[in-house]
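Engineer: the amino acid sequence is not available; the structure is as follows:
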């Protein structure tokens, strides 16, 4: 999926009091500050379970530039998370 020039796929809030919340990455994407894949068991990200809670502290999957945007949308489509027109 070519997302070149698609400005809606990426933004960075370097003035956020939690920035950088994971690693200091030049193309860190803040668009999915709260990951829409969090509730998926098979999200594809690197998480660990701590006391029954999913800890995604070391996962950069949704924050990986425009590629993260494409991945999140593909996973949501795969899970039929979007309503179809006319429903």
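Structural biologist: Okay, I see it. All figures in this text were calculated on a predicted structure; none of them were measured in a lab.

Engineer: what's the closest non-adjacent residue to residue 63?
Structural biologist: residue 29 (4.9 Å; Cβ to Cβ, 6 or more residues apart in numbering). Yep, even glycine has a C-beta here, placed from its N, CA and C like the rest.

Engineer: how close does that neighbour get to residue 80?
Structural biologist: Note on residue 29: its distance to residue 80, by Cβ to Cβ, to the nearest Å, is 24 Å.

Engineer: of those two, which one has the most company?
Structural biologist: Neighbours around residue 29 and residue 80, counted as other Cβ atoms under 10 Å, are more numerous at residue 29. The numbers are 21 against 8.

Engineer: skip the chain neighbours and tell me the closest residue to the residue positioned nearest the centre of the chain.
Structural biologist: By Cα atoms, centre = their mean, the chain has its centre lying nearest to residue 62, at 2.3 Å. By the measure of Cβ to Cβ, 6+ apart, the closest residue to residue 62 outside its immediate chain neighbours is residue 32, 3.9 Å from it.

Engineer: contacting residues for that neighbour?
Structural biologist: By Cβ atoms under 8 Å, 6 or more residues apart in numbering, the residues touching residue 32 are 62, 63, 68, 69, 72.

Engineer: so which residues make contact with the host helix or strand of the fourth one?
Structural biologist: Meaning residue 69. Taking DSSP states H and E as the criterion, the element that holds residue 69 is helix 65-78. Counting by Cβ under 8 Å, 6+ apart, the neighbours of helix 65-78 from elsewhere in the structure are 1, 3, 6, 9-10, 27, 29, 31-32, 35-37, 40, 43-44, 60-62, 64, 82.
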